[in-house]
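Novice: My questions concern the predicted model and sequence given below.
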Amino acid sequence: MSTESVDPGHGHSPAAWTAVIIMLIAFTIGAIAFFYDAPIVVWAAAGLAVVGLIVGWIMKRAGYGVGGSKYSPKGH
């Protein structure tokens, strides 16, 4: 049995944080717009959530994801 721990990263990377923050902002705007019955803003917020996904994917491909060349894990 190995005592070595394998940590998959859990998304603690600049790419993951950026994507999540953009999507949280999008969902917040969308929820508020839904409450005030503004369908155009709701759809714009849905588009922003997709942009968050794309930005996260691009940043991961650029090396800012877990295991990427520009990512340096921080101690907990």
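Specialist: That came through fine.
Novice: Tell me who's in contact with the residue nearest in space to the middle of the chain.
Specialist: Geometric centre of the chain, nearest residue: Ala19, 2.2 Å, by C-alpha atoms, centre = their mean. Each residue near Ala19 by C-beta atoms under 8 Å, 6 or more residues apart in numbering is listed here: 52-53, 55-57, 59. Using the backbone N, CA and C atoms, a C-beta is placed for each residue, glycine as well.
Novice: For it, pull up the helix or strand it's in.
Specialist: helix 14-35 (DSSP states H and E).
Novice: for the protein, which spans come out with low pLDDT?
Specialist: In the predicted model, the chain carries pLDDT under 70 at residues 1-11, 75-76.
Novice: circling back: among the contacts of Ala19, which are in helices?
Specialist: 52-53, 55-57, 59 (DSSP state H).
Novice: follow-up on the earlier one: can you pull the buried residues of the helix holding Ala19?
Specialist: Buried residues in helix 14-35, counted by 16 or more other C-beta atoms under 10 Å: 14-16, 18-19, 22-23, 26, 29-30, 33.
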